[in-house]
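Student: How does the following fold in three dimensions:
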Amino acid sequence: MSVSQMSPGRLAVADAIAAAGPGRHYLHVIRPVIDREALAEVLYLGSNWFALGPVSGERFDRLTRLVDEALSDTSNRCGASVLSLVSDLPTDAGPVRTVARYVIEDGRCTEAGELNQLEYGACAITHARVEAERAAEDARTLATLPGRFDFI
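Tutor: This next block holds a predicted model:
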């Protein structure tokens, strides 16, 4: 029995999903400068168990390869990439939809709120403004989701 090593992109995506928790997750990565993007859907059962069908497995592989490319672009010659994770998380009252956004640049995949804190935390007014912009973008993502993932 052999154990395969996860690529940095697959590990970054798996970490983002694990941070969100068990549920159905919709992933979108975009590399805007080179005009490439990928979508995938994953059912995360918890304890590092993922459910992927043949089509969703291919899409997940395509998405993680794109994240690998973004992480290896440490010179940022192709600009920052964005990984969006929309999650339907089970609760006693029914599923709750959340969104998290990760910025991939300088060989790192960092949650957008954490990146904002690192970059603007010393300036409370600027930090509040960029967090408000991030929250507005998250709300737009959630509002437009039903039409965005019909084909997954």
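Student: top helix in this protein by residue count?
Tutor: helix 124-148 (DSSP state H).
Student: which strands and helices sit next to it?
Tutor: strand 81-89, strand 96-105, helix 112-120 (3 or more C-beta pairs under 8 Å, 6 or more residues apart in numbering; DSSP states H and E). Backbone N, C-alpha and C define where each C-beta goes, glycine included.
Student: now for the first one, which elements pack on it?
Tutor: If contacts are counted by 3+ C-beta pairs under 8 Å, 6+ apart, strand 81-89 sits against helix 8-20, strand 23-31, helix 54-72, strand 96-105, helix 124-148.
Student: so how far is the longest one off the chain centroid?
Tutor: The one in question is helix 124-148. Chain-centre distance of helix 124-148: 14 Å, with C-alpha atoms, centre = their mean, to the nearest Å.
Student: looking at it, Leu66 is touching Leu27, isn't it?
Tutor: No: here Leu66 does not reach Leu27: they are 10.3 Å apart, not a contact under C-beta atoms under 8 Å.
Student: hey, what's in contact with both of these two?
Tutor: Contact criterion C-beta atoms under 8 Å, 6 or more residues apart in numbering; no residue bridges Leu66 and Leu27 by contacting each.
Student: so how many other residues sit close to Asp138?
Tutor: Look at Asp138: counted by other C-beta atoms under 10 Å, it has 18 neighbours.
Student: distance of it from His25?
Tutor: Separation of Asp138 from His25 (C-beta to C-beta, to the nearest Å) stands at 15 Å.
Student: Any chance of the helices and strands packed on helix 124-148 in JSON lines with mean neighbour count, distance to Glu133 and mean pLDDT as columns?
Tutor: JSON lines is the format used below for the helices and strands packed on helix 124-148 (neighbours: other C-beta atoms under 10 Å; distance: least, C-beta to C-beta, whole Å; pLDDT from 0 to 100):
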{"stretch": "strand 81-89", "mean neighbour count": "21", "distance to Glu133": "14", "mean pLDDT": "90"}
{"stretch": "strand 96-105", "mean neighbour count": "18", "distance to Glu133": "11", "mean pLDDT": "90"}
{"stretch": "helix 112-120", "mean neighbour count": "16", "distance to Glu133": "9", "mean pLDDT": "88"}
